[in-house]
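Colleague: Fold the stuff below for me.
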Amino acid sequence: MQVTDTVMAQMHATPEQFVAAREYAQFSTRGLAEEVSRELRKDRRKPPMACSRSTISNLETGVARRIHHRRAAAIERVLKLPPGHLFRVEVFNVHSNKERLTA
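Modeller: All right, here's what the predicted structure looks like:
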């Protein structure tokens, strides 16, 4: 059984605090998603990433509490917040899908 480490960011702010930060920076949900996607395109690492409106919406409603650490960092940069203000980076041990299917 193969286990890989996945780096994710756990939102430690409340959904209300996330919305307040977005509104203070004068972004709509769609506008923030587009600007975060632009920020992520500057990063030439693989795989390329983007941020959808539904990702932002899910964070605002509390449906999602974890996102990829690169997205989290880009959101904080776009909102002009210090690293770690909204998200805390965590490492998770994840089993590959292939092994879950055969187990």
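
Colleague: Now do the phi/psi pair for Arg88.
Modeller: Main-chain torsions, Arg88, degrees, to the nearest 10: phi -120, psi 130.

Colleague: my read: it touches Val7, true?
Modeller: No - Arg88 lies out of contact with Val7 (C-beta atoms under 8 Å); the separation is 11.5 Å. The way it works is simple: take the backbone N, C-alpha and C, and place the C-beta from them, glycine included.

Colleague: Now do the longest helix anywhere in the chain: everything it contacts.
Modeller: Longest helix of the chain, by residue count under DSSP state H: helix 29-42. Identification of contacts with helix 29-42 by C-beta atoms under 8 Å, 6 or more residues apart in numbering yields 22, 25, 27, 48-53, 55-57, 60, 70-71, 74-75, 77-79.

Colleague: can you do 7 Å?
Modeller: Applying C-beta atoms under 7 Å, 6 or more residues apart in numbering, the external contacts of helix 29-42 come out as 22, 27, 49-53, 55-57, 60, 70-71, 74-75, 77-78.

Colleague: Name the helix or strand of this protein that has the lowest mean pLDDT.
Modeller: Sorting the helices and strands of the chain by mean pLDDT, DSSP states H and E puts helix 97-102 at the bottom, at a mean of 49.

Colleague: Which positions within the helix or strand containing Ser54 qualify as buried?
Modeller: Following DSSP states H and E, one finds Ser54 within helix 53-61. By neighbour count on 16 or more other C-beta atoms under 10 Å, the buried set for helix 53-61 is 55-56, 59-60.

Colleague: okay if I get those as a markdown table plus distance to Gly31?
Modeller: Output for these, formatted as a markdown table (distance: C-beta to C-beta, whole Å):
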| residue | distance to Gly31 |
| --- | --- |
| Thr55 | 14 |
| Ile56 | 9 |
| Leu59 | 15 |
| Glu60 | 13 |
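
Colleague: Tell me which two of the residues you listed sit farthest apart.
Modeller: Farthest pair in the buried residues of helix 53-61 (C-beta to C-beta) is Thr55 and Glu60. Separation: 9.8 Å.

Colleague: show me where pLDDT drops low in this structure?
Modeller: Across the chain, the ranges flagged by pLDDT under 70 are 1-5, 92-103.
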